[in-house]
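Q: Give me a model of this one.
(2 chains)
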Amino acid sequence: MSFQEKNIAVSLSTFTVILGFYLIRIFQLVQSESFNSTNVFRLWGIIAILAVIGTILATIFTHIAGGIVHKVRTNEDPHIEDIQDERDQIIDLKGTRVAYTFSSIGVALSMLTFVFGKPPLVMFSLLIFFGVLAQVIADIWRLTLYRRGF
Amino acid sequence: MGKGRIGNNIRKLRFFRDEMTQQQLAEKVGVTRQTIIAMEQDKYSPSLELAFRIARVFEVPLEEVFSYQPENELT
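A: Take a look at the predicted model:
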């Protein structure tokens, strides 16, 4: 697995965990009848911080752990091929296009709930859900392109 | 306008350069080994600049490395 693929796999794992955490928290808020703006916006903040810090820490940890395992197995210093060439950039852009497409669909669906008379908090909750989901789908698409060769 | 097929002789040219490894070629042209693999398997068509860099490494004209077959000539 190349350096770029590892980064995408880490991002995919992190955002899948974040998505799971978000859905569980929203479910808990609805169950306990505390689905109000204070709690929902606090959750927004937590998700944003988790997304940034979680991805950075997970990436650092993965490369350190991967380097140690490589050294133990082969007794060679790990060679990190951290250049991003034109193929990596095209795959990245294709993933971003998928992310934008799904986020746009998500925004439209979120707006529809508003149109159908649901409270604004439902729309805001769906917005972040579709945002994170779009990131997960984009990472899956990028990994698929890498696995297929292009 | 349909897509044609861009083929290449990179594998053969590497063989005639003392079995140059994919990693060595990748380092010379500034891409990852995975990109060389994708090109050899005809899964990825490089940019014009990368194509020229590869031709320069093998010291041959571009047409000796890459070939183009239009869609209507594909069998």
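
Q: which element follows the helix-or-strand element of chain A with minimal mean pLDDT toward the C-terminus?
A: Among the helices and strands of chain A, helix A:37-74 carries the lowest confidence by mean pLDDT, DSSP states H and E, at a mean of 88. Per DSSP states H and E, the first helix or strand lying C-terminal to helix A:37-74 is helix A:86-115.

Q: Tell me what angle the next helix or strand after that following helix forms with helix A:86-115.
A: Note on helix A:86-115: by DSSP H and E, the next helix or strand toward the C-terminus is helix A:120-148. In terms of direction (axes from the mean of the first three to the mean of the last three C-alpha atoms, to 10 degrees), helix A:120-148 departs from helix A:86-115 by 160 degrees.

Q: Next, the contact list for residue 43, please.
A: Unless you meant another one, I'm taking chain A. For A:Leu43, the contacting residues are A:Tyr22, A:Arg25, A:Ile26, A:Leu29, by C-beta atoms under 8 Å, 6 or more residues apart in numbering or on different chains. In short, each C-beta sits where N, CA and C put it, glycine included.

Q: Can you look at chain B instead?
A: A:Arg148, A:Gly149, A:Phe150.

Q: near chain B, which of those show up?
A: A:Arg148, A:Gly149, A:Phe150 (C-beta under 8 Å from any C-beta of the partner chain).

Q: Excluding chain neighbours, give the residue nearest to the first one in space.
A: Translated: A:Arg148. B:Lys43 (7.2 Å; C-beta to C-beta, 6 or more residues apart in numbering or on different chains).

Q: Name the helix or strand for residue 14, please.
A: Chain wasn't specified; assuming chain A. helix A:3-31.

Q: could you do chain B instead?
A: Going by DSSP H and E, B:Arg14 is part of helix B:10-16.
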